[in-house]
Every structure is written in structure tokens, then in C-alpha cells.
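*Asks:* predicted structure and sequence below. I'll ask about it afterward.
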Amino acid sequence: MAVSRAELDQLKAPVASIVREAGEIALGFARSGAKRWTKGDSSVVTEADVFIDGFLREKLSALDPNIGWLSEETADTPERLDHARVWIVDPIDGTRAFVEGVPVWVISVALVDEGRPVFGMIYNPTKNEMFEAVEGGGAFLNERQITASPRDVLEGAEIVGPRTMLEDLDGIGAAVARAPYVYALAYRLANVAANRVDAAVASTRAKDWDIAAADIIMQEAGAKLLEIDGEPPRYNLPSPVHRPLIGAREPLNAAIRAALLLAGATPRSWAG
């Protein structure tokens with residue numbers, strides 16, 4: 001049975017409390033200087049990532065032990081595929097920004113039901129910004145409703161994303177404006193929902209935990225997160241990896257997708 005709107009609404013207060021507490025813990029690690037190391041894929045991880053991952057798993061699982069789990073810092077197992085509903089979590093999205101003291105890292109929590117996101121929270125503790133949405137309930141930033149940019153043409157659009165993807169747009173003469181790069185993909189996409197930029201793009205490196213919460217927030221703000229072929233992402237599949245992504249309101253989303261394909265770039269050339 002699909003999750004109901006009432007069930008989603010009942011989750012908002014306890015999950016927000018848990019996420020805010022996780023944010024305070026993260027800030028404590030940031031002030032004291034968290035130990036860090038490099039994972040096998042060459043990405044940076046800190047003791048804060050690992051600790052907060054465990055904290056969130058304990059607290060969120062206590063709300064409903066029948067919900068599965070997928071996160072960046074927990075070893076993945078096929079067991080989650082047996083669950084219709086799954087928490088998808090990034091304890092610190094933008095770890096490099098966290099390490100460098102740049103205030104663009106976030107905690108991202110989504111609930112996915114049958115492969116689609118129905119609940120999302122993205123919290124930036126350094127700026128005390130809480131983005132949230134439930135399916136059918138609108139998108140909010142610190143309890144104020146947000147809507148995505150109404151821009152509908154590529155010319156003049158302000159886009160944030162990897163340098164290589166934006167260079168491909170430049171290469172075909174697309175007159176777009178480059179917004180400052182944001183390390184955390186979840187925050188990059190949330191800023192589209194909040195009409196801070198017109199669009200965001202992401203490479204083939206995006207994983208479920210990077211985008212699931214942002215996806216539902218963008219949808220409820222009137223934008224779409226789509227893969228390069230125009231299909232919406234599906235979640236809690238055997239592989240959590242996604243194709244290049246574009247986040248924007250239509251028809252701008254379609255215009256960006258078409259321009260990237262026209263550029264003839266191979267996704268392998270895109271990074272970030």
C-alpha cells in the first residue's frame with residue numbers, strides 16, 4: 001500500500017528534530033576538527049560522516065523498523081531491495097566543503113516508496129536552512145513555501161554545475177550564466193527549488209543519497225529532476241548510480257538536455 005499523506009505529515013516533526021540534532025553534532029565536529037581519510041573511490045570521508053550516519057540510522061529506524069536503509073556511509077546490502085519504503089540518507093553531502101569550512105554542506109534525508117521519493121529534508125546547519133517537502137504538500141524553506149524559477153528559455157539562464165558540462169553549453173554558443181559552483185549536489189538542487197538559480201546539472205557520479213531528498217523538494221517547488229534522456233530517476237534499485245541529471249522547471253529542463261546532447265559531449269568527460 002502506498003504511503004499516505006497523513007503518514008508523511010506525521011513524520012515531519014520527528015524527522016526534523018532528528019536532522020537538526022544531527023546538524024548540531026556535525027557543527028561540533030567542524031569546530032573541533034574532524035579526522036578525515038580517503039575512501040577507495042578517492043572521495044574524502046570524516047569521522048563526522050560516519051558518526052552522523054550511525055546516529056541517523058538509529059533514530060530514523062526507531063520511527064519505523066520496517067523501513068529499509070541506504071546511505072553513503074553504510075555498506076550496501078541487497079536486503080534493502082526487499083523493502084517498498086527505504087530511508088535514503090547522506091549524513092554530510094559536500095564533505096569537502098565541510099572539511100574546508102565552506103558553508104555549503106548539508107544533511108540529506110529522503111523517504112522513498114516503491115522507487116520514488118515522497119518525503120525529503122535537506123538541512124544546512126551552518127546557515128540554519130531547512131528545506132523540506134512531502135508528496136502533494138508543497139516545498140518549504142524554514143517553513144516558508146518556495147517555488148522554482150519561472151524562466152523557460154535557455155538564453156540568460158543561471159546554471160550551477162560541473163565546469164565541463166557548462167563548457168559544453170558554451171561550446172555550442174548557449175548564452176547561459178554560470179552560477180558559483182556548490183560542492184553539495186543536494187544543496188545545489190535545493191537552491192533551484194528556492195529560485196536562487198534557474199537550473200542545476202550533475203554528472204554521472206550522482207548516487208541515490210545525493211539526489212533523492214532534493215528530487216521531491218524540486219517536484220513540489222514546480223521543477224523537475226530528470227536524467228539526460230528525459231526520464232525521472234528511480235531509487236532503491238540494485239545500483240544507486242545515475243546518469244547525468246538536469247534540474248529545472250520545464251521547458252528549461254528540456255532545453256538544457258537538448259543543448260547538452262547537441263554539444264555531442266560524452267558523459268565520461270563530465271565531472272563533479
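*Replies:* Cool, got the structure.

*Asks:* next up, the contacts around the residue lying closest to Asn191 once chain neighbours are set aside.
*Replies:* Counting by Cβ to Cβ, 6 or more residues apart in numbering, Asn191 lies nearest to Val197, which is 5.4 Å off, once chain neighbours are set aside. From N, CA and C alone the C-beta is placed, and that goes for glycine too. Going by Cβ atoms under 8 Å, 6 or more residues apart in numbering, Val197 touches 149, 158-160, 179, 191.

*Asks:* surely Arg178 meets Ile159?
*Replies:* Yes: assessed by Cβ atoms under 8 Å, Arg178 is found in contact with Ile159 at 6.7 Å.

*Asks:* so between these two, which is more surrounded?
*Replies:* More neighbours surround Ile159 than the other of Arg178 and Ile159, with 24 against 15 (other Cβ atoms under 10 Å).

*Asks:* can you tell me the helix or strand for Val3?
*Replies:* If you go by DSSP states H and E, Val3 is not part of any helix or strand.

*Asks:* cool, and Ala255?
*Replies:* In this structure, Ala255 sits in helix 252-263 according to DSSP H and E.

*Asks:* and Thr266, what pLDDT?
*Replies:* Here the pLDDT value assigned to Thr266 is 50.

*Asks:* thinking again about what came up before, quickly list what's touching both of Arg178 and Ile159.
*Replies:* Common neighbours of Arg178 and Ile159, using Cβ under 8 Å, 6+ apart, are Leu166.

*Asks:* what about the nearest residue to Pro238 once chain neighbours are set aside, neighbour count?
*Replies:* Distances taken as Cβ to Cβ, 6+ apart place Leu81 nearest to Pro238, at 6.7 Å, with adjacent residues excluded. Neighbour count of Leu81, defined by other Cβ under 10 Å: 12.

*Asks:* and the one 3 residues further on, by the same measure?
*Replies:* Under the neighbour criterion other Cβ under 10 Å, Ala84 is assigned a count of 15.

*Asks:* same question, the one 4 residues further on
*Replies:* Using other Cβ under 10 Å, the number of residues around Ile88 comes to 28.

*Asks:* which SS state does it fall under?
*Replies:* Secondary structure, DSSP: H, G, I helix; E, B strand; the rest coil: Ile88 is strand.

*Asks:* my guess is Leu226 meets Leu245, correct?
*Replies:* Yes: in this structure, Leu226 is within contact of Leu245 by Cβ under 8 Å, at 7.0 Å.

*Asks:* ok, these two, which is more surrounded?
*Replies:* Using other Cβ under 10 Å as the criterion, Leu226 and Leu245 rank with Leu245 on top: 25 against 22.

*Asks:* separation between Arg257 and Val192?
*Replies:* Going from Arg257 to Val192 by Cβ to Cβ, to the nearest Å gives 15 Å.

*Asks:* quick one: which of those two has more around it?
*Replies:* Under the criterion of other Cβ under 10 Å, the comparison of Arg257 against Val192 puts Val192 first, with 31 against 20.

*Asks:* so which bits of the helix of greatest length in the chain are buried?
*Replies:* Scanning the chain for the helix with the most residues, using DSSP state H, yields helix 5-32. Using 16 or more other Cβ atoms under 10 Å as the test for burial, helix 5-32 gives 7-8, 11-12, 15-16, 18-20, 22-23, 25-26, 29-30.

*Asks:* OK, contacts around Ile122?
*Replies:* 106-109, 130-132, 186-187, 190, 213-214, 217.

*Asks:* helix, strand or coil for it?
*Replies:* Following three-state DSSP, the label given to Ile122 is strand.

*Asks:* report the contact partners of the spatially closest residue to it that is not a sequence neighbour.
*Replies:* In space, and not counting its chain neighbours, Ile122 is closest to Phe131: 4.3 Å by Cβ to Cβ, 6+ apart. If a contact means Cβ under 8 Å, 6+ apart, then Phe131 has 120-123, 139-141, 146, 190, 193-194, 213-214, 217 as its contacts.
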